[in-house]
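1. From the sequence below, what's the structure:
(chains A and B)
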Amino acid sequence: MKKTIITFARWGNYTIAFKTIFDQLGLEVIPPEPTNPTTIAEGAKISPEMYCFPLKTTLGNVLPGLRKGANTVFMVQNIGGSCRQRYYGAIQKKVLEENGHQVNFLDFRATPRDIYRTIKKISGASSWQIIRAARFFFKKLRLIEKIEKKAQFYRPREIKKGTTDQVLTESLTELEKLNKEKDFPRLRKEILKSFSEIETEKDKKIPRVALVGEIYTVCDPSINFDLESKLGKEGIEVHREMDITYHLKKLVFPWKDWTIQRKINPYLRSTVGGHGRDAIYEMLHYVKEDFDGIIHLLPFGCMPEVTVRPILEKIHLESGIPFLSLSLDEQVAEAGINTRLEAFIDVVRNHYNSKQ
Amino acid sequence: MKTYLGIDVGSISTNLVLIDEKNQILSSLYLRTEGDPIEVIQKGLKELKNYISKYNPAIEVSGVGTTGSARQLAGVITGADLVKNEITAHAKGASFFVPEVRTVIEIGGQDSKIIILENGVAVDFAMNLICAAGTGSFLDAQASRLKLPIERFGEIALRSDNPTNIGSRCTVFAESDMIHKQQIGYSTEDIVAGLCQGLARNFLNNVAKGKNIKPPIVFQGGVSENLGMRRAFKEALGEKIIVPPYNTVIGAFGVALLVKENHPQKTKFLGFEISDKNIKCTSFQCKSCPNNCEVIEARIDGEVVARWNDRCGKYSNLKYD
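-> Have a look, this model is predicted:
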């Protein structure tokens, strides 16, 4: 049998943590090509036209790896609850085979047991090794999420524009290079120190905007046109609850879903798949917290998010909170997004000033 | 005399408005962009310069603002003090003429938008997403297909007492439905009036869907010149439709007001001389990181004055003098 060479789909800054797992288990891995217009176009070219946007980008991510000799693709199922994401593995395998790639798809469900079994099967590593790799994965993941949150706070308050983004990029690069767990505490300290050294106006009062919507588009800056950074540079603090930890927590502790359902009962009485219910729950939460705007992100044709959009619009009309829904796909031009975003920022500022 | 210049470079038209300290419009220009924003801005500035030297040589420009889809480019080549999105600019312009305005319907060459205002500031807005149905360029195309001058399009629509029903969910289907109605013998007036009604319906169902439309309603942008569209909106909404003065150049007027409010200490305006200079824009792909941004570079007389469109700021943060 040929040696297993793995490649996998990219997902924002979290890609770094995913790569760690394979590295730690001694598997050969070709990291996915970063998402840029070329990879998106490549993926979209061979994908079914009406399929959701993330399928096309993730396909574009793995193509260069396959050309470089990878023969196995890692694809998680069900990461967004029950939606078409479940069939990504099957569809991508078919699409790739039709285009002449012989690939083996490791298509597994996002439950701890299934993940463990899949990894065990391909790596042949001992349980102890897997637990250690998982621990390292979580350490990195938690740090990435932490510095993302820090960046959201620092960006609008920094004195020299662009410092936060620079520190964030440098930190992520360092984190990607790190492959010994024992060096992690030192690097963590360094990274947090460099963040605390950013000069800011700490007590500045500024408008706050929350990002809600589909997890992939919300979390990946290369998909959502660097939304967080753009808002931050305009002096707006961004909040987002959606990240991998949030999703994993919900998998392990299902009662979070019960709380969400109870809270959104006046608006929606059943699940609509994906993170549809979560978007309503989050929006209600942010309205209560007196935020100054909500941006709803979804990939074009995302069924759960399209279903809840009218509900979000209703909450927006009832509460008066500024609301913008952006649907993203390979045909959306950045200029159009920018115009809407700039206008939205003006609306958010008007809202914020009228409250003062 | 201190004046402020607003420039709105859209897909179809480019408008320049010069206002004085008392918000009086001294001069307004409506030009066709014709796919060359740089040349049309130069042409506009040249005309404005002629106007100033002819009527009042004491006029000096104390601030320039740009808006429209080419606002960034226009801002770079004129040296604007303020670059503002067209939604805010239109809201500003509308609330100047109708201070208590609650709803602004703006239909331009390629885009249409609705703005909801409260106390003179925008609180909500929507723009057409993918479809350009009902915008100026579609009406333009249909007018030339029917061999009608676009200026008379609205007037012809008003002559109809019995507009036909034209399916308007999609531009392409609206067109084939229109052809079909022609083939079976409807009069031109009824078809034109039906088209206006269909487009108003399309706007209200797509762009304005879920928005709180309250009077007073202001209708502006190039398409608001069309009497048929005015009537169609009036009938569809059951409300009075106000078309403000300078309705076609109101975006430029709005941004001129905004730049005046901003009070630039010293304007960055490069002067009317740029209309005689050689301005060129080129683009190149930055290979420094995997983002592969298409960086755009503007040169005036061979010298780089600005670069933009990079995500990280490597080029846009550089200083160019």
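2. Up against chain A, what does the stretch 201-321 of chain B have?
-> B:210, B:212, B:289-292, B:311-313, B:317 (CB under 8 Å from any CB of the partner chain). For the C-beta atoms, the positions are set from N, CA and C on the backbone; glycine is no exception.
3. Out of the residues you listed, which comes closest to residue A:44?
-> Nearest to residue A:44 out of these is residue B:292 (CB to CB; 15.9 Å).
4. burial of the closest residue to that closest one other than its chain neighbours, as a residue count?
-> Excluding the flanking residues, the one nearest residue B:292 by CB to CB, 6 or more residues apart in numbering or on different chains is residue A:36, at 4.6 Å. Neighbour count for residue A:36, taken as other CB atoms under 10 Å in any protein chain shown: 16.
5. By proximity to chain A, which residue of the stretch 101-250 of chain B wins?
-> Nearest to chain A in the stretch 101-250 of chain B, going by CB to the nearest CB, is residue B:121, at a distance of 4.2 Å.
6. Could you double-check that that residue sits in contact with residue B:87?
-> No. With contact defined as CB atoms under 8 Å, residue B:121 and residue B:87 do not form a contacting pair (11.5 Å).
7. Give me the contact list for stretch B:44-61.
-> For stretch B:44-61, the external contacting residues (CB atoms under 8 Å, 6 or more residues apart in numbering or on different chains) are B:1-5, B:7, B:14, B:16, B:18, B:26-27, B:29, B:31, B:78, B:267, B:269, B:272, B:274-276.
8. Tell me which residues of that stretch come out buried.
-> By 16 or more other CB atoms under 10 Å in any protein chain shown, the buried positions in stretch B:44-61 come out as B:44-45, B:48, B:52, B:59, B:61.
9. sorry, back to before: neighbour count: residue B:121 and residue B:87, which is higher?
-> residue B:87 (27 against 17).
10. In which helix or strand does the spatially closest residue to that one that is not a sequence neighbour reside?
-> Leaving aside its chain neighbours, residue B:87 sits nearest to residue A:343 (3.6 Å; criterion: CB to CB, 6+ apart). Applying DSSP states H and E as the criterion places residue A:343 in helix A:334-355.
11. now swap in residue A:150 and tell me
-> Going by DSSP H and E, residue A:150 is part of helix A:127-154.
12. Any residue of that helix touching chain B?
-> No. On the criterion CB under 8 Å from any CB, helix A:127-154 is out of touch with chain B, staying 14.1 Å away.
13. rewinding a little: among the buried residues of stretch B:44-61, which two are most distant?
-> B:44 and B:59 (15.6 Å).
14. Quick check: nearest residue in space to residue B:23, chain neighbours excluded?
-> Of all residues not flanking residue B:23 in the chain, residue B:257 sits nearest, at 6.5 Å (CB to CB, 6+ apart).
15. The one you found belongs to a helix, doesn't it?
-> Yes. Counting by DSSP: H, G, I helix; E, B strand; the rest coil, residue B:257 is part of a helix.
16. for it, what are its contacts?
-> B:4, B:6, B:19, B:23, B:92-93, B:96.
17. Of all the residues in the helix holding residue A:150, which ones are buried?
-> A:129-130, A:133-134, A:136-137, A:139-141, A:143-145, A:147-148, A:150-154.
18. Skipping adjacent residues, who's closest to residue A:292 in space?
-> Leaving aside its sequence neighbours, residue A:292 is closest to residue A:207 (4.0 Å, by CB to CB, 6+ apart).
19. do residue A:271 as well
-> Nearest non-adjacent residue to residue A:271, counting by CB to CB, 6+ apart: residue A:277, 6.1 Å away.
20. now swap in residue B:250 and tell me
-> What sits nearest to residue B:250 in space, not counting adjacent residues and going by CB to CB, 6+ apart, is residue B:93, at 3.9 Å.
21. How many neighbouring residues does that neighbour have?
-> Neighbours of residue B:93 (other CB under 10 Å): 31.
22. Likewise for the one 5 residues further on?
-> Residues contacting residue B:98 under the criterion other CB under 10 Å number 17.
23. I'd assumed residue B:216 was in contact with it.
-> Yes. The pair residue B:98 / residue B:216 is scored as a contact, 5.7 Å apart, by CB under 8 Å.
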